[in-house]
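Enquirer: model this:
(chains A and B)
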Amino acid sequence: MRFAVLVFPGTWSDWDCVYALEDLNQTAERVWHRESSLDDYDGVILPGGFSYGDHLRCGAIARFSPVMSALDRFAATGKPIFGSCNGFQILCEAGLLPGVLLRNASLQFRCQPQELTIERVDTGFTNTCEPGQVVHLPISHGEGQFFAPAAVLDELEDAGRVLFRYSGENPNGSLREIAGIMNPMGNVLGMMPHPERASDALLGGTDGNVIWRSIIEQWG
Amino acid sequence: MTDHPSPADAPPAEVDDDVLAQIALSREEYDLACETLGRPPSDVELGMIGALWSEHCGYKHSRPLFHHFPTEDERILTNLGEENAGAIDIGGGWVAVMKIESHNHPSAIEPYEGAATGVGGIVRDIFAMGAQPIALLDSLRFGPLEERRNRRLCIGVVAGIGGYGNCLGIPTVGGELVVGESYSGNPLVNAMCLGIAPRGALISATAGPPGTQLMIVGADTGRDGLHGATFASVELDESSAERRPAVQVGNPFLEKSLMDACVGLVRDHRDWLEGLQDCGAAGITSSTVEMAERAGAGIRIQTRQVPRRESGMTPYEVMLSESQERMIAAVKPGHVGDVQDWFEHWDLHAEVIGEVTDDGIARVLDGDLEVAAAPVLVMTTPPAYEPYAERDADATSRAGWDPSSLVDLEPSAANDALLRLLASPNIASKRWIYRQYDHMVGTNTVVTPGSDAAVLRIRGLKQGLAVCTDGPGRAVELDPYSGTARAVAEAARNVACAGARPVAVTDCLNFANPERPPIYYQLRESIRGMADACRAFTTPVVSGNASLYNESEDGPVTPTPVVGMLGIISDVRQAVRMAFRDEGDEIWMLGGTLSQRASTLGGSEYVSVLHGMSAGPIEVDLPAESALVETLVAGAEAGILKSAHDCSDGGLAVALTESAVAGEVGVAVEIGEVERLDAALFGESGARAVVSVGPAQVMRLSEIASRCGVHATRIGVVAGDRFRVGSIDMPLSEAAAVWNSALPALLDD
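Expert: All right, here's what the predicted structure looks like:
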């Protein structure tokens, strides 16, 4: 597959995502936020970082970048969009996913390995996982507390759109331990953890590859 | 004496003491400046000279001692002090670039911004050379955390380091925290940065030939940080809080863009540039004047061209502002537009503010008015001092204390002694700190914080890099020479435990007021000790920083030279960690014996925590340390070490606890008949490490140790869920709980 890895001023997981995908023999290109077309790509990654320094709110300025209109059109085609960390925050700000990411309940930044449970294995993002599988993916954020009104949470749960939940200690106070959610069409996933940091055995884990492999399986 | 014509705005005939105090220039230094210039300096010249002659920029007291340092070997690509950081050839076509720097005074006044901008400054030093920063470390000292003001400083500093470093996308992979009485009110905040670049791709901080255009890029210039270099060069007192305007405010987002733009510019368009330099202490003054000095040239700066964020700024303020996130690029005349377009991609604005001249004079213009015109060499040649030195009587007497006068530890009290040590912030887990730092971004951190050294890979390269910092202040206070040699030895041991051969040192010398004989004695002997130890390990000093005048109303800080050590692992896949791994593995002690003399308790954490004293002899055996390093590296290269951890603070018992807790597996270690129980468990003789190996590899370990001339002793096995070391016996979970919870208990409100 040919992936676009979006780069906003302040994005920093762009290369990490490029390398993780290249290690799986995919093509990944960094695409600057001023680009206006994503037509040439089969999938889009919104990596982590501090786009625009998190000024105003995480993701609040990035959503006005020129590439975001192209992203809206891309989402409508049904091709996959994956956002992690700041990418998740941008997807929420842009309205492609519901809810918002608040400051961690601890009021401190948290960087640590994190245990997650996979809620469904019949989606484009989790089809290579085992039912009930537990994965370890690092988290690294100061604002990862997922919040949405109860009605929205119920809707997410009822529609099976919660794909990842924190297990063990809730690292940021997210409601219902939500770590990652999907859009109704099933082609946009946002999550706080960083699968690209668990895609190389030398760094202590390859659990992140289940997500990349699922995407490739579904859309490749 | 040469007469240099006055600039247009006539200099003041007399200058009063208040003005000199503001720029921390002594009356004698002022007279020297007048004599060298052949006239009194103008206001702007005086401000520039004051900043460049400050201890912070001019190294007046430390420079005369630097000749002691070994600075060269075939790997080292830079001359000490000539560039923003030191560069080391690491093989495979790559170079590493590193430096450590202090931001102590700003952090004392405004912990978050002080620490944050310390990170910003050291990162700019690295990318000013065209290198990509890949790791940060921080070495921190605070007063007792039971006191509210020290807690506030610690919490603020950690948040500031994280707030800035996390936003940049550079992992913070290591460092230290030491707590001590003397750091109350004068915390030490040292930040180290490591970068990499392809060999031959670095750029110098030079101004280039006459006609070269000097461009400023990044933040607009404001009044923040005025006299920051001066502020860093005086003691803190009750009026220091009024110096808050001397503390800069950081914008890490801007720095991230600036970093990406500068690294890319040097990588892709080095031919547009003559040089690149960051605006650090003393702002545009030091950056441009030092660039001119390296080029043997002069400069002409037009202050009206400097983009400002405040109106009404005087040329003096523009020249001395320490606004953050600014760089000076020396650009070939035909490429000014290219450089502007390049930075525009990141929404950064580059502006020509001056040019290189051929007359060796640093000229500053305010429109048509020339407000400074002094020779570059006068500004960059501060006086150098070698004051009278005399060893402190109190430290001498404490160093002479004989630990054998202590009653030995009762076996029944061993459990309690260990738990008290594990609860000391100097020994307890630092997870409370490093989980606030992104230590994984960049996906190169092979060994994450918590082990002896962090290990980084370089994508596509077999070799890996190990880095750590060490600065045992208490030992240095008791014996500046041996204590500092011990700092180097401990750092070398730490990278060797990871499997790396130590190759180079960067140092941050944190001392009090060197004009006082005991302090200058500490500084001089410390530098000698560091130099001799660096020779023993063949680790030249490639860069560093001296932070003097670290004093508050409570007195001077403990002398704290911090050593940043770089090591190279020949195969990064063989990096070794601290954690024990598999039950049944054998535990061996490399170097020394189980039985230890009382003298090994000198300056130890045990004597400090259990007996409330900082006293006793400081011993260091450099040949034994070198042999241990060889053994650890050879063991790692042979692929037989399942874990390695050096015995340092808290001695053998603490080293074993840390390996066991990290591995979540118990140990059974026999101590047997020993001279003294306290020294055997908690003595801090150097040149020892605890390793674990599979039973099948024991012979090979013995062979390697014997080949290197290191005593190797089998002391026990990895087994079960209890921690049993001689007379210590407790569930591992009990030790783990104390070790893990000590810092959170002190720091979480």
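Enquirer: mind checking the SS state of the residue in the stretch 201-350 of chain B that chain A sits nearest to?
Expert: Per C-beta to the nearest C-beta, B:Phe253 is where the stretch 201-350 of chain B lies closest to chain A, at 2.6 Å. In this view, the C-beta of every residue, glycine as well, is placed from N, C-alpha and C. At B:Phe253 the chain is in helix, as set by DSSP: H, G, I helix; E, B strand; the rest coil.
Enquirer: show me what the helix or strand hosting B:Leu746 is in contact with.
Expert: Per DSSP states H and E, B:Leu746 falls inside helix B:732-747. Contacts of helix B:732-747 with the rest of the structure, by C-beta atoms under 8 Å, 6 or more residues apart in numbering or on different chains, involve B:145-146, B:151, B:154-155, B:177, B:418-419, B:422-425, B:427-433, B:657-658, B:660-661, B:664-666, B:721-723.
Enquirer: distance between the ends of stretch B:14-33?
Expert: 13 Å (C-alpha to C-alpha, to the nearest Å).
Enquirer: actually stretch B:360-378, not the one I wrote
Expert: Taking C-alpha to C-alpha, the first and last residues of stretch B:360-378 lie 10 Å apart.
Enquirer: and for it, what are the contacting residues?
Expert: Contacts for stretch B:360-378 (C-beta under 8 Å, 6+ apart): B:4-9, B:33, B:36-37, B:41-45, B:48-49, B:288-289, B:292-293, B:296-304, B:315-316, B:319, B:357, B:379.
Enquirer: would you mind checking those residues for buried ones?
Expert: The neighbour-count test (16 or more other C-beta atoms under 10 Å in any protein chain shown) marks B:4, B:6-7, B:33, B:36-37, B:41-45, B:48-49, B:288-289, B:292-293, B:297-303, B:315-316, B:319, B:357, B:379 as buried among the contacts of stretch B:360-378.
Enquirer: just these: which are in helices?
Expert: Of the buried ones among the contacts of stretch B:360-378, the ones assigned to helices by DSSP state H are B:33, B:36-37, B:43-45, B:48-49, B:288-289, B:292-293, B:315-316, B:319, B:379.
Enquirer: just the buried residues of the helix or strand hosting A:Val18, please?
Expert: A:Val18 belongs to helix A:14-22 when assigned by DSSP H and E. Within helix A:14-22, the residues that count as buried by 16+ other C-beta under 10 Å are A:Asp14, A:Trp15, A:Asp16, A:Cys17, A:Val18, A:Tyr19, A:Ala20, A:Leu21.
Enquirer: filter the contacts of helix B:732-747 down to just the ones in helices.
Expert: B:151, B:154-155, B:418-419, B:422, B:431-433, B:657-658, B:660-661.
Enquirer: still on that earlier bit, and the helix holding B:Leu746, how far out from the chain's middle?
Expert: Once both centres are worked out by C-alpha atoms, centre = their mean, to the nearest Å, helix B:732-747 turns out to sit 27 Å from its chain's centre.
Enquirer: list the buried ones in that helix?
Expert: B:Leu732, B:Ala735, B:Ala736, B:Val738, B:Trp739, B:Asn740, B:Ser741, B:Ala742, B:Leu743, B:Leu746.
Enquirer: dihedrals phi and psi, B:Thr380?
Expert: In terms of degrees, to the nearest 10, the main-chain angles of B:Thr380 are phi -100, psi 10.
Enquirer: okay, now it: neighbour count?
Expert: Residues lying near B:Thr380 (other C-beta atoms under 10 Å in any protein chain shown) number 19.
Enquirer: now it: closest residue in space, sequence neighbours ignored.
Expert: B:Glu293 (4.6 Å; C-beta to C-beta, 6 or more residues apart in numbering or on different chains).
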